[in-house]
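J.: I would like the atomic coordinates for the input below:
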Amino acid sequence: MKHLFSKFTYFIFVLTLFTGCSDDDDNPGGDPALTFKEMESDWVRLSLMYDGNIDVMQADSGEIMHKVSGQVIEGARYYTSNTGRYLTVIDRNGGIVKFFDSGIVNHTDHGHEYTAKWVDMELNSILPTHYASSGGHIVIFNDGDGSISYINEAQLEIPSYQPEIFTFANTVAHHGAGFRLRNGLFATTFKNNTEPGGIPQMVKFVEANGNLIDDNKGIEVEGIHGDAVNGQYGVFGSTNGVILVDDQQNIDLIENIGDLNSESGNWLGTLKGHDNAQLFFARSRNVGVFMVDPVNKTLTNIYNGGNVSGDMFSFDGAYYLLHTADNTISVFDSSTGSKITSRVVEMANIPQLNSKELDSEISILRKMEEPSPVLVCSDKFLYVLAPNRIQIKVLEIKSLEHVHTIELFSPINSLMKNGFSIEGDQNPDYEH
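T.: This next block holds a predicted model:
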């Protein structure tokens, strides 16, 4: 059943400043300056996970639009596709990839809502692990045999659709990564088979039909982990710096700077990118966060310290947000790397892996890549799961002012973001 909403979104000029409390309590001084319900898009959804179920909530109203039970896999990782429609669910140990359809379809100038459901298809591979999404195209690297799975989001709603798995001769199992560029080329990691260990040393291009272009352009490093892509450019973290690729089949190395080096914890192994952002951001566990400029081929340190818990882009890519161990959220302009604001925010605890699960460099880096289960962003707002897990605090991203609290009926385990944002008329009468 197709639904269209009949609300016009409009902006209110802010006449007074709302002063947010450091403990995230509601503002006791009267009406908030920002009207969240009027500022947030009708098409933003929060997918709430609890007891094996997913509730899809319209963020601006707090209304549960759909309830979907079953098929939630314990221990699996959940990723929001860059269109906002799907959650990709990766069960690494089970070798299964599943897709949850939020029902929210973005047609650029309007949207449609269908019934949320699990897609009646699963993808089987050997140790599916690393996830990348760009331009409506998903790539999952399979550690068990060095292959990549390619999923075209636009085809997922077709019952007969089957994703492709590309395998390559002379490759071996390794903890790798890969993505698709806007021209249809893939870039993925390969291992020097004479080197010990489970991480790769080089990157090569793969044509749209899966044929390997067997040329690493002379760039080989001690180890590679993590990647990010914006369509035109892509980056891989490595012991020696950042490996940069582009849609002209170039491969370059942006070498380490400052305290970055190949020792454990000192190299850039976790990266973030966005289709609407020219710059990338890369993390070293011990050293901090670095801005990666693919045009000028430079690294710039924007945060020093070994206490970073997570990071993300706002959903439109305009902001880069950093979460540190003391629950400070810092907001940066993603186009310049300039810091805009920061504050301490109360939030639900994030489960930590025990020492046995973090017994190697690879397992630590894999943990660093996981999306936060208690923080998600739309274009304008940061949604924070409160310590009691029955409230979601809403903060305006550019100021981190607390503007709204969503009350839940029962505790949830985690939340994800689905949907999209459009400005102005939400197209209530649009039919096609």
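
J.: ok, residues contacting stretch 225-233?
T.: Residues outside stretch 225-233 that contact it (CB atoms under 8 Å, 6 or more residues apart in numbering): 130, 132, 134-135, 175, 177-182, 187, 199, 234-238, 244-247, 268-278, 280, 282, 294, 362, 365, 369. No exception for glycine: its C-beta is placed from N, CA and C like everyone else's.

J.: quick one: it to chain centroid distance?
T.: Remark: stretch 225-233 is offset 12 Å from the chain centroid, using CA atoms, centre = their mean, to the nearest Å.

J.: distance between the ends of that stretch?
T.: 17 Å (CA to CA, to the nearest Å).

J.: any weak-confidence spans in the stretch 151-300 of the chain?
T.: Flagging of the stretch 151-300 of the chain using pLDDT under 70 yields an empty set of residue ranges.

J.: For it, which segments are assigned as strands?
T.: 164-166, 178-180, 186-190, 202-206, 212-213, 224-229, 233-238, 241-246, 251-255, 268-272, 280-284, 288-293, 298-304 (DSSP state E, counting those that start in this stretch).

J.: helices or strands up against the second one?
T.: Contact analysis of strand 178-180 by 3 or more CB pairs under 8 Å, 6 or more residues apart in numbering; DSSP states H and E lists strand 128-134, strand 137-142, strand 186-190, strand 224-229 as its packing neighbours.

J.: Mean neighbour count for these - can I get that in TSV?
T.: TSV is the format used below for the helices and strands packed on strand 178-180 (neighbours: other CB atoms under 10 Å):
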stretch	mean neighbour count
strand 128-134	23
strand 137-142	25
strand 186-190	25
strand 224-229	27
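
J.: So for Ser262, which of those strands sits nearest?
T.: strand 224-229 (11.6 Å; CB to CB).

J.: what angle separates that closest one from strand 233-238?
T.: 160 degrees (axes from the mean of the first three to the mean of the last three CA atoms, to 10 degrees).

J.: Sheet partners, orientation included, of strand 224-229?
T.: strand 233-238 (antiparallel) (DSSP bridges).

J.: Report the buried residues of the strand it pairs with.
T.: Tyr233, Gly234, Val235, Phe236, Gly237, Ser238 (16 or more other CB atoms under 10 Å).

J.: State the distance from the last one to Asn106.
T.: Spelled out, that is Ser238. Separation of Ser238 from Asn106 (CB to CB, to the nearest Å) stands at 35 Å.

J.: Now restrict the contacts of stretch 225-233 to buried residues only.
T.: 130, 132, 134-135, 175, 177-181, 187, 199, 234-238, 244-247, 268-277, 280, 282, 294, 362, 365, 369.

J.: can you pull out the helices in the stretch 251-400 of the chain?
T.: Assigned by DSSP state H, counting those that start in this stretch, the stretch 251-400 of the chain shows helices spanning 361-369.

J.: ok, which stretches of the stretch 1-150 of the chain are strands?
T.: Using DSSP E, counting those that start in this stretch, strands in the stretch 1-150 of the chain cover 44-50, 53-58, 63-69, 77-80, 86-91, 96-101, 104-106, 111-113, 117-118, 123-124, 128-134, 137-142, 147-152.

J.: what's the average pLDDT for the second one?
T.: Right, the one you point to is strand 53-58. For strand 53-58, mean pLDDT rounds to 96.

J.: by contact count, what packs against it?
T.: strand 44-50, strand 63-69.

J.: So what are the sheet partners of the first one and their directions?
T.: According to DSSP bridges, strand 44-50 has the following sheet partners: strand 53-58 (antiparallel), strand 414-419 (antiparallel).

J.: Give me the residues contacting it.
T.: Residues contacting strand 44-50 (CB under 8 Å, 6+ apart): 54-60, 65, 72, 78, 87, 100, 102, 104, 376, 378, 383, 392, 406, 408, 410-421.

J.: From those, list the buried ones, please.
T.: For those, buried by 16+ other CB under 10 Å: 54-60, 65, 72, 78, 87, 100, 102, 104, 376, 378, 383, 392, 406, 408, 412-421.

J.: returning to that earlier point: let me have the helices and strands packed on strand 178-180 in a markdown table, adding distance to Met312 as columns.
T.: Below are the helices and strands packed on strand 178-180 laid out as a markdown table (distance: least, CB to CB, whole Å):
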| stretch | distance to Met312 |
| --- | --- |
| strand 128-134 | 13 |
| strand 137-142 | 18 |
| strand 186-190 | 22 |
| strand 224-229 | 12 |
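
J.: Out of the helices and strands packed on strand 53-58, which is the most enclosed?
T.: Stretch with highest mean neighbour count among those: strand 44-50 (a mean of 22; mean count of other CB atoms under 10 Å).

J.: Show me how far that strand is from its chain's centre.
T.: Counting by CA atoms, centre = their mean, strand 44-50 comes out at 15 Å from the chain centroid.
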